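Asker: Sequence unavailable; structure follows:
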């Protein structure tokens, strides 16, 4: 039984201790895992091959081979890799979260790194259906048109505005603490939160600018701002 013999050899290499392999070319555990991975691949045990590659830190090889098992397994590996990178504070974590379809984690990762503009963009594109599940289980009317569909839409219908408001508030406070009230106001304006934007300008004593913006946009706070002039 040739396949059985190969499987036994792979399992032996996978479970053998260093002491048992003294005097051979496979004394190091990494070498034994790499060798048994090759056997698993030849036997068609691709999932075990992938898991062994991950144990060796070869995430790229594992992810590249995962679709042979299933697209769902590939998605799981991509998200596991994203978690791994996120724990290391790596910028690429958000990229892999996006590829896995986990937009919420991608946005959180971007917020943690202070990438507020990117976080807002990703959240908006997810809400309007440009970004979706990579396995194809989620389909939207804009998916086939890509980013051009977003550019053609006069207004975005955002259902979950709470996350966008949180991102804008964090970005605005960052700019305000740095002494840049105008950019702080723009952070609020970028998601249509005009009253908070005007509030940032007033707090920074940018009264004339606050009045001009309120007047141009015909905001309900125009009267209150004009009193401050």
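Answerer: Great, that's in hand. All values reported here derive from a predicted model rather than from experimental measurement. Residues are numbered from 1 along each chain as shown.
Asker: Show me what the helix or strand hosting residue 170 is packed against.
Answerer: With the criterion set as DSSP states H and E, the secondary-structure element containing residue 170 is helix 161-177. For helix 161-177, the contact count by 3 or more C-beta pairs under 8 Å, 6 or more residues apart in numbering; DSSP states H and E identifies helix 103-112, helix 116-127, helix 181-189, helix 194-203 as packing neighbours. All C-beta spots, glycine's among them, are computed from the backbone N, C-alpha and C.
Asker: OK, contacts around the residue lying closest to residue 166 once chain neighbours are set aside?
Answerer: Using C-beta to C-beta, 6 or more residues apart in numbering and skipping the chain neighbours, the partner closest in space to residue 166 is residue 111 (7.9 Å). Each residue near residue 111 by C-beta atoms under 8 Å, 6 or more residues apart in numbering is listed here: 119, 166, 167, 170.
Asker: which residues touch residue 113?
Answerer: When contacts are counted by C-beta under 8 Å, 6+ apart, residue 113 is found next to 89, 91, 94.
Asker: ok, back up a step: show me which positions of the helix holding residue 170 end up buried.
Answerer: Of all the residues in helix 161-177, those buried under the rule 16 or more other C-beta atoms under 10 Å are 163, 164, 167, 168, 169, 171, 172, 175, 176.
Asker: quick one: residue 85 and residue 92 touch, right?
Answerer: Yes: when contacts are counted by C-beta atoms under 8 Å, residue 85 is listed as touching residue 92 (5.4 Å).
Asker: Between these two, tell me which one has more neighbours.
Answerer: residue 85 (19 against 13; other C-beta atoms under 10 Å).
Asker: Would you check how far apart residue 84 and residue 98 are?
Answerer: With the distance defined as C-beta to C-beta, to the nearest Å, residue 84 ends up 16 Å from residue 98.
Asker: So which of the two has more stuff around it?
Answerer: Per other C-beta under 10 Å, whichever of residue 84 and residue 98 has more neighbours is residue 98, with 22 against 15.
Asker: Apart from its neighbours in sequence, what residue is nearest the more buried one?
Answerer: residue 106 (4.8 Å).
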